[in-house]
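Chemist: with the sequence up front, the predicted model follows.
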Amino acid sequence: MSPLVQLAAEEAENPLIPPIPELVIGLIAFVIVFGFLAKKLLPNINRVLEERREAIEGGIEKAEAAQTEARSVLEQYKAQLAEARHEAARLRQEAQEQGAALIAEMRAEGQRQREEIVAAGHAQIEADRKAAASALRQDVGKLATDLAGKLVGESLEDHARQSRVIDRFLDELEEKAEATR
């Protein structure tokens, strides 16, 4: 055959359709490769996919459990916080009450001490007044006796007489002072 005839014969065949022997060999090779893949590779892929599915489901369950636990812990913390706030308010109230009681107690103690100091001061003033009155009475009596002795011209050294004259004179002065009030 000539090359032209062979070329014409080849052209008559469809280049898109392979020859039958090649098609059979390709199909047998495909079945062998597919069978090998189905026996060896597919179980491994299914096992890995199953492990991933279990891991994801386990992760979701763990996340749900953790979320539930977090909610319960949050509720516990909220309850503890509310209790702590209540306790703080109670302690603050107790401290205010104790402070008020302490202030009242200190005021009462201060009032008592002030009254004691005032009473002691009055007692001291009264004692000083009596001592001054006694000393003044003696000094006035001595001066009155000396003056009366100079006026009368005789000595009034008799102690009993002197005391009576002084007492009478001072009593008259006190009566006049009270009458003028």
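Modeler: Happy to help now that I have it.
Chemist: distance of residue 93 relative to residue 99?
Modeler: Residue 93 is 11 Å from residue 99, where distance means Cβ to Cβ, to the nearest Å. Where C-beta positions appear, they are placed from N, C-alpha and C, glycine not excepted.
Chemist: please apply the same query to residue 123.
Modeler: For residue 123, the distance to residue 99 - Cβ to Cβ - is 36 Å.
Chemist: check contacts around the residue sitting nearest the centre point of the chain.
Modeler: Centroid-nearest residue in the chain: residue 88, 6.5 Å away (criterion: Cα atoms, centre = their mean). Under the criterion of Cβ atoms under 8 Å, 6 or more residues apart in numbering, residue 88 has no neighbours.
Chemist: what helix or strand is it located in?
Modeler: Secondary-structure assignment from DSSP states H and E places residue 88 in helix 42-152.
Chemist: after that helix, next one along is what?
Modeler: helix 159-180.
Chemist: that following helix versus helix 42-152: what angle between them?
Modeler: 120 degrees (axes from the mean of the first three to the mean of the last three Cα atoms, to 10 degrees).
Chemist: please renumber the chain so that the first residue is 21 from this point on.
Modeler: Got it, the first residue is 21 from now on, which makes the last one we talked about helix 179-200.
Chemist: so which elements touch helix 179-200?
Modeler: When contacts are defined as 3 or more Cβ pairs under 8 Å, 6 or more residues apart in numbering; DSSP states H and E, helix 179-200 sits against helix 62-172.
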